[in-house]
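S.K.: fold the following, please.
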Amino acid sequence: MKSTFCDNPRREVKRHFRFEVQHRDRNGPARAGLITTPHGAIATPVFMPVGTHGAVKACGPEQLLGIGQEIVLANTYHLHLSPGGELIAKAKGLHRFMQWPKAILTDSGGFQIFALREKTITEEAVHFQGPQNQKITLSPETSIKVQEQLGSDIMMALDECIPYPAGRKQVETSIARTHRWLDRCIKAWSRPEQALFGIIQGGEYGDLRKRCVETVCEKGLPGHAIGGVSVGEGPKLMEEIVSATAPLLPDDRPKYVMGVGLPEDLLMLWENGVDMSDCIIPTKFARGGTLFTNRGKIRIRHRRYRRDFYPVEPNCPCSTCKRFSRAYLKHLFDANEILGQMLATVHNLAFFHGLAAQAREAILEDRFASFKRNFLAGYLGQ
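M.R.: Numbering: from 1, shown residues only. You can find the predicted model right below:
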C-alpha cells in the first residue's frame with residue numbers, strides 16, 4: 001500500500017477528503033451533503049453497515065454494491081487482534097484485502113474496549129487480554145498505526161467511551177484523558193489521504209459536552225463524531241444530547257453519531273443535521289429473523305408466514321424481495337439454512353439504505369418534517 005508521510009496531514013487532507021453541504025431543509029437543521037474520499041463520493045445522510053472483522057456479516061461485497069452502499073465500517077480493535085495490521089498492509093490495505101472498492105471508516109476500538117470486562121486504563125494506554133490470553137496494549141499511537149496500515153478513508157481517534165450512568169467527576173476525568181489522547185492521535189497521524197475524526201464525549205452533562213466540542217473542534221480536524229450515546233441512556237436522553245451537541249459542531253464538516261441504528265432514532269439524528277451513523281442492528285436483527293418494513297418489524301419465524309407468498313416488503317427493490325417470498329424465508333429459518341440469514345441481511349440493509357435515500361430526497365425538497373411524520377405513522381402505527 002503506497003503511503004504518503006506528511007508532518008502535518010491537516011494541511012494536506014483537503015486534497016483527498018472534502019465535504020459539501022448541498023442543501024439545507026428550510027424548515028430545520030436537516031441537511032443533504034456529499035463527502036468525497038479517495039474511494040468515491042458518499043451522499044448524506046448515510047447509514048453505514050458494520051463490517052467489524054472486514055466483512056459485513058452474511059453479506060458479500062457484490063450484494064452491498066447492488067444495494068448501493070458507498071461506505072462500510074470496520075473495527076480497528078478486532079482487525080488488530082486478527083489478522084493484524086501488518087498482514088493487511090502486506091495485502092495492500094483493507095480495501096484490497098476484503099475486495100471492497102468504495103470508502104471505509106475504521107472505528108478506533110474505543111467502544112470495544114469499553115465493553116471489555118477485564119481491562120486496565122492508564123494514561124499511556126489500555127491494557128487487556130486477547131482471546132488467546134495474550135497481553136494486548138492499545139494506545140492512541142497504536143490505534144492510528146493500525147488504522148494507517150488498514151488504509152481506511154476515515155479514521156477515528158482513540159477515546160475513552162463513558163458508561164451510563166456516570167458521575168460528573170468521572171466524566172470530567174475521562175474527557176480530559178480523551179483530549180490528551182486526541183493530541184497524541186494527531187501527532188501520530190501521518191497520512192493525509194486518510195481523514196481523522198475527533199470524538200465528542202461528555203456523558204449526559206451538557207456543559208461538559210460543550211467543553212469537549214470546544215477542545216476537539218479547535219484542532220481543525222476533517223470531521224467530528226458524537227460518542228457515548230446508545231449506551232443505555234434511553235431515546236429521550238439520547239435526543240437531548242444530540243439536539244444540544246450537533247448544532248455546536250462546525251457546519252462545514254461531517255457530523256457523525258456513533259452506534260445508533262433504529263429507524264426512529266436515525267430520523268431523529270437526520271432531523272438534527274447529523275450526516276453519518278452506523279449500527280449492527282440491521283444485520284444482527286436479520287440473522288435472528290427480524291426484518292424491517294415500512295409497516296414495522298416482522299418476525300419471519302412466526303407461523304402466519306408459512307403460507308405467505310408475498311415478498312417481505314411489496315415494492316421493495318432489493319434482490320430478496322424481487323425473488324423470494326416470506327414463506328420461503330420462514331422455511332429457510334425453520335430449516336436453519338444460512339441462506340435465510342443472507343437474504344434477510346440483504347433486505348434489511350437495503351431498507352436502511354433506502355430510508356437514508358428517501359430522507360435525502362425529502363431534505364432536498366424541503367419536506368423532511370412531513371416525511372418523518374408519515375414514515376413513523378406507518379412504521380410505528382402512530
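
S.K.: any idea which helix or strand in the protein has the lowest mean pLDDT?
M.R.: helix 110-115 (a mean of 76; mean pLDDT, DSSP states H and E).

S.K.: just the buried positions in that helix, please.
M.R.: Gly110, Phe111, Gln112, Ile113, Phe114 (16 or more other Cβ atoms under 10 Å). (Each C-beta comes from the backbone N, C-alpha and C, glycine too.)

S.K.: what does stretch 246-258 give?
M.R.: Going by neighbour count (16+ other Cβ under 10 Å), the buried part of stretch 246-258 is Ala246, Leu248, Leu249, Arg253, Pro254, Lys255, Tyr256, Val257, Met258.

S.K.: rewinding a little: quick check: next helix or strand after the least confident helix or strand of the chain?
M.R.: Downstream of helix 110-115, the next assigned helix or strand under DSSP states H and E is strand 119-121.

S.K.: using PDB, write out the CA atom coordinates for the very next helix or strand once past that next one.
M.R.: Under the assignment DSSP H and E, the closest C-terminal helix or strand after strand 119-121 is strand 126-129. What follows is strand 126-129 as a C-alpha-only set of coordinates in PDB (Å, rounded to 0.1, in the frame of the first residue of the first chain):
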ATOM      1  CA  VAL A 126      -5.500   0.400  27.600                       C
ATOM      2  CA  HIS A 127      -4.200  -3.000  28.700                       C
ATOM      3  CA  PHE A 128      -6.200  -6.100  28.300                       C
ATOM      4  CA  GLN A 129      -6.000  -9.800  27.400                       C
END
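
S.K.: tell me the strands beside strand 126-129, with direction?
M.R.: Take DSSP bridges as the rule and strand 126-129 pairs in its sheet with strand 119-121 (antiparallel), strand 135-138 (antiparallel).

S.K.: can you put these in JSON lines and add distance to Gly289 and mean pLDDT?
M.R.: Output for the strands paired with strand 126-129, formatted as JSON lines (distance: least, Cβ to Cβ, whole Å; pLDDT from 0 to 100):
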{"stretch": "strand 119-121", "distance to Gly289": "34", "mean pLDDT": "87"}
{"stretch": "strand 135-138", "distance to Gly289": "35", "mean pLDDT": "88"}
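
S.K.: tell me which of those lies nearest to Ala176.
M.R.: Between Ala176 and the strands paired with strand 126-129, the shortest gap by Cβ to Cβ is with strand 119-121, which sits at 12.9 Å.

S.K.: need the contact partners of the closest one.
M.R.: Applying Cβ atoms under 8 Å, 6 or more residues apart in numbering, the external contacts of strand 119-121 come out as Ile113, Val126, His127, Phe128, Glu160, Arg177.

S.K.: again, only this time at 7 Å
M.R.: With contact meaning Cβ atoms under 7 Å, 6 or more residues apart in numbering, strand 119-121 is reached by Ile113, Val126, His127, Phe128, Glu160.

S.K.: surely the last one and Arg177 touch.
M.R.: What it means is Glu160. Yes - Glu160 is in contact with Arg177 according to Cβ atoms under 7 Å; the separation is 5.5 Å.

S.K.: okay, the two: which has more neighbours?
M.R.: Counted by other Cβ atoms under 10 Å, Glu160 and Arg177 do not tie: Glu160 has more neighbours, with 21 against 16.
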